[in-house]
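> Here is my input, please return the structure:
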Amino acid sequence: MRLPTGQMARLRTLGAAAAVLVSCATAGLAAEVSDFVGSYMGTAEVQSGDEVQQRELSVEVAETKQGFRVDWTTITYRGDGRVKEAAYSINFVPSDRDDVFAAAMTKNMFGHDVQLNPMKGEPFVWARIIGDTMTVFSLFVDDEGGYEIQEFNRTLAEGGLELDFLSVRNGALRRRIETFLERQ
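I've put the predicted structure just below:
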């Protein structure tokens, strides 16, 4: 059935208005940094070559005067009994973009927090909050100009956070870890 032109125009207007309302409602549901504040812990099994390694994962998100800090630790238990621990702590400050945060990892000569330089082998780090997910990105540029990007997606869930970690090197997926981190 073909609708008259006037009715079709009204339907388009109603559809556009509905889309705007849904968009506004969705924007209202976006999480704030304060929603992520807390300590979380969990475990994961990670395939590394022929070996499955157990990992203990923890993350703490805390508000700071200028933004927020994310601390995370990974403890890897290798099959031969060795244990490797890696711990990181990064402060984030608001950027000129909504819900995008710059890492404040060092101070410049004027005492202002600034990001590191990936052209010197240092990680370039930033964070964003979209919906109920806080993502921390780390970009590394190697000596040959190749790259690795790590993506830590932490999504609010009942009782904690869903973690989805991706590591991509020169376009190829190196590692993916998915697990639940329980609020402590």
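> Show me the beta-bridge partners of residue 137.
Beta bridges link residue 137 to residue 126, residue 151 when assigned by DSSP bridges.
> What is the neighbour count of it?
17 (other C-beta atoms under 10 Å). No exception for glycine: its C-beta is placed from N, CA and C like everyone else's.
> Residue 156 too?
That count, for residue 156 with other C-beta under 10 Å as the rule, works out to 15.
> Distance-wise, check it relative to residue 35.
6 Å (C-beta to C-beta, to the nearest Å).
> Common neighbours of those two, please.
residue 132 (C-beta atoms under 8 Å, 6 or more residues apart in numbering).
> Now do the contacts for the residue nearest the centre of the chain.
Nearest residue to the geometric centre of the chain (C-alpha atoms, centre = their mean): residue 135, 1.3 Å. Residue 135 is in contact with 127, 128, 129, 151, 152, 153, 154, counting by C-beta under 8 Å, 6+ apart.
> Write a PyMOL command that selects only the buried members of those residues.
With 16 or more other C-beta atoms under 10 Å as the burial test, the buried ones among those are selected in PyMOL as follows:
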select buried, resi 127+128+129+152+153+154
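> Which residues does residue 164 form beta bridges with?
Beta-bridge partners, per DSSP bridges, of residue 164: residue 153, residue 178.
> That one and residue 89, how far apart?
Distance from residue 164 to residue 89, by C-beta to C-beta: 21 Å.
> So for those two, which sits in the more crowded spot?
In terms of neighbours (other C-beta under 10 Å), residue 164 is the more surrounded of residue 164 and residue 89; the figures are 16 against 12.
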